[in-house]
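K.L.:
just need the structure, nothing else, for what follows:
(chains A and B)
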Amino acid sequence: MAYEEKRVVIDTDSDVVAARQEGRVMAIQAGFSGSDIAIIATAISEIARNIIEYADHGEIIINVSQKDNKQGIKIVAVDNGPGIQDISKAMQDGYSTSKGLGLGLPGAKRLMDDFEIISQIGKGTKITMKKWVR
Amino acid sequence: MDVPILKQGDYLIVSIQSALADVDLMKLQDSLVKQVGIFHSHGVVIDIAALDVIDSFSTRTLQNISHMINLRGAYVVVVGIQADVAFAMVQMGLTLKNVKTALDLEEGIAILEQARKKVETDGV
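P.N.:
I've put the predicted structure just below:
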């Protein structure tokens, strides 16, 4: 079965709501149910808000992902913002260079199965996260 | 989108109808903190059953709302957190510290009534 990738441009905080709603739809298509759907939507909310807080503009790309015999969801967040100075610090609970709680990125990582950040100062940040249907 | 705030006796009932953007939640915070003063409300119930996501921002805002309204002398009860949402919050490590919660509107109002009776008997 082929799935159609969903792209949500993130410019304002209402786009954050749109991104997590698209994520919810895709999660159901991928075969998730119950609390996993809420978990995926929450993780999307955090990384989408991160785009607004630090980069102003970016995109969330959501698709169904397959590996071995597993199926799941893959969410990519890209921006052309300032990049993250210190990724290990950004992944610490309570660390924030903005006005947030500093729980966004580490929280999203806890919610998902795979979580990867690539960031280049002055160029931007790409976060890829996946979760597999149990 | 504005969230309706209903006045019922000495209480204010906030019934969130759909997913909220951050701006909407901030607007709710401002108008709620003001209205507690305008109506001399003793308590506020915030029904968030319609929220399918409660993330770090909404957690912090709910905590702030509750704290601000406490400072104005009224009680706050947050009601209606869905099971799946509670699961995701715990998984992520989010807490609603110092915020009173109840299952639904009815229980929320019962908590406000108890709090008021306590004030009347203890005079505190």
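K.L.:
and for residue 103, the neighbour number?
P.N.:
Went with chain A since none was named. By other Cβ atoms under 10 Å in any protein chain shown, 22 other residues sit near A:L103. All C-beta atoms are positioned from the backbone trio N, CA, C, and that covers glycine.
K.L.:
not quite, go with chain B.
P.N.:
Residues lying near B:L103 (other Cβ under 10 Å) number 11.
K.L.:
nearest spatial neighbour of it, chain-adjacent residues omitted?
P.N.:
B:V79 (6.6 Å; Cβ to Cβ, 6 or more residues apart in numbering or on different chains).
K.L.:
is it true that that neighbour touches B:D47?
P.N.:
Yes: counting by Cβ atoms under 8 Å, B:V79 does reach B:D47; the two are 5.2 Å apart.
K.L.:
so what sits against both of these two?
P.N.:
Counting by Cβ atoms under 8 Å, 6 or more residues apart in numbering or on different chains, the residues touching both B:V79 and B:D47 are B:104-105, B:108.
K.L.:
still on that earlier bit, so how far is chain A from the residue nearest to B:L103?
P.N.:
Computed as Cβ to the nearest Cβ, to the nearest Å, the B:V79 to chain A distance reads 18 Å.
K.L.:
mind listing what that residue touches?
P.N.:
Here B:V79 is in contact with B:45-49, B:101-105, B:107-108 (Cβ under 8 Å, 6+ apart).
K.L.:
how about 6 Å then?
P.N.:
Contacts for B:V79 (Cβ atoms under 6 Å, 6 or more residues apart in numbering or on different chains) come out as B:45, B:47, B:102, B:104-105, B:108.
K.L.:
and for A:I47?
P.N.:
A:77, A:108, A:127 are the contacts of A:I47 under Cβ under 6 Å, 6+ apart.
K.L.:
residues from chain B in reach of chain A?
P.N.:
B:19, B:21-23, B:53, B:55-56, B:60, B:84-85, B:87-88, B:91-93 (Cβ under 6 Å from any Cβ of the partner chain).
K.L.:
wait, which of the contacts of A:I47 is closest to B:L28?
P.N.:
A:A108 (24.7 Å; Cβ to Cβ).
K.L.:
just give me how far the helix or strand harbouring the closest one sits from the chain centre.
P.N.:
In this structure, A:A108 sits in helix A:104-111 according to DSSP states H and E. Relative to the chain's own centre, helix A:104-111 is displaced by 9 Å; criterion: Cα atoms, centre = their mean, to the nearest Å.
K.L.:
then stretch B:80-89?
P.N.:
15 Å.
K.L.:
what's the mean pLDDT across it?
P.N.:
Averaged across stretch B:80-89, the pLDDT comes to 97.
K.L.:
how about stretch B:14-26?
P.N.:
93.
K.L.:
buried residues in that stretch?
P.N.:
The neighbour-count check on stretch B:14-26 (16 or more other Cβ atoms under 10 Å in any protein chain shown) flags B:14-16, B:19-22, B:24-26 as buried.
K.L.:
what of stretch A:90-106?
P.N.:
A:90, A:95-96, A:100-106.
K.L.:
quick one: terminal-to-terminal distance for it?
P.N.:
Terminal residues of stretch A:90-106 lie 8 Å apart, using Cα to Cα, to the nearest Å.
K.L.:
which outside residues touch that stretch?
P.N.:
Contacts for stretch A:90-106 (Cβ under 6 Å, 6+ apart): A:46, A:50, A:53, A:84, A:89, B:56, B:60.
K.L.:
pull the distance from stretch A:59-74 to the chain's centre.
P.N.:
12 Å.
K.L.:
circling back: after the helix holding A:A108, next one along is what?
P.N.:
Sequence-wise, the next helix or strand downstream of helix A:104-111 (DSSP H and E) is strand A:114-120.
K.L.:
can you classify B:E106 as helix, strand or coil?
P.N.:
Put simply, B:E106 is helix when judged by DSSP: H, G, I helix; E, B strand; the rest coil.
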